[in-house]
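Peer 1: sequence and computational prediction follow.
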Amino acid sequence: MTDPVREKVLAVYAEADAAVREAGPRCEASGKCCRFTEYGHTLFISHFEAEILLESAPPYTQPVTRDGCPFQVGGLCTARDARPLGCRIYFCDPAYTDRMVEITETAIAKLKAIADEHDAGWNYAPLHYFLNAAVREGPAVSAPDSMTPPDSRLSLPVVSIPGEAGA
């Protein structure tokens, strides 16, 4: 991802964060947002979000299942600063549901516009597809407590979802 694209994606994050703050949803700190299967939802992210997340994400064990986020440890997010839009916008507060949908649709439309503007294509898939497709260059990550040198990078290929057109 080029720096201008990264800056635009981070600006979308900032706008979404501001909209969420303004809406003021209640967070019960239940961790439901990270336990996907248990609570019947899936975290979809764009390839932009995956790249930003993987640039600074703590080590995680592959394969990642669709059941939950590998970055939730002890009920807390260990990838908070680089978290994708769904993590920034989703709250269990029923009074926030309509506004949550509006903020999400606006943010996703802006990401799609960035992809179009920069001829980057659009890839949107569940979190675990991107995490399992990521290949760490350098030492392999085999356990959550692995130490990764700061100069290692993650390579993220285009992800095709089995059963979808073009896959």
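Peer 2: Received, thanks.

Peer 1: SS state for residue 68?
Peer 2: Of the three states, residue 68 takes coil under DSSP: H, G, I helix; E, B strand; the rest coil.

Peer 1: how many neighbours does it have?
Peer 2: Neighbourhood size, residue 68 [other C-beta atoms under 10 Å]: 19. For every residue, glycine as well, the C-beta is placed using N, CA and C.

Peer 1: once you drop chain neighbours, what's closest to it?
Peer 2: Distances taken as C-beta to C-beta, 6 or more residues apart in numbering place residue 35 nearest to residue 68, at 4.7 Å, with adjacent residues excluded.

Peer 1: angles on the backbone of the one you found, please.
Peer 2: phi -110, psi 80 (degrees, to the nearest 10).

Peer 1: what number of residues lie near it?
Peer 2: Using other C-beta under 10 Å, residue 35 has 15 neighbouring residues.

Peer 1: tell me the contacts of the residue most central in space within the chain?
Peer 2: Geometric centre of the chain, nearest residue: residue 84, 3.3 Å, by C-alpha atoms, centre = their mean. Residue 84 makes contact with 43, 45-46, 49-50, 52-53, 127 under the criterion C-beta atoms under 8 Å, 6 or more residues apart in numbering.

Peer 1: tell me which of the residues you listed is nearest to residue 94?
Peer 2: Distance to residue 94 across the contacts of residue 84 (C-beta to C-beta) is lowest for residue 43, with 19.4 Å.

Peer 1: please verify my assumption that the closest one contacts residue 70.
Peer 2: No - contact criterion C-beta atoms under 8 Å: residue 43 and residue 70 do not qualify, at 11.4 Å.

Peer 1: the bottom helix or strand of this protein by mean pLDDT?
Peer 2: Every helix and strand of the chain was ranked by mean pLDDT, DSSP states H and E. The lowest is strand 153-155, at a mean of 45.

Peer 1: could you tell me the model confidence score at residue 134?
Peer 2: For residue 134, the model assigns a pLDDT of 87.

Peer 1: for residue 33, that is, sorry about that
Peer 2: Residue-level pLDDT assigned to residue 33 equals 86.

Peer 1: ditto for residue 102
Peer 2: Note on residue 102: pLDDT of 97.

Peer 1: secondary structure element for it, which one?
Peer 2: helix 97-117 (DSSP states H and E).
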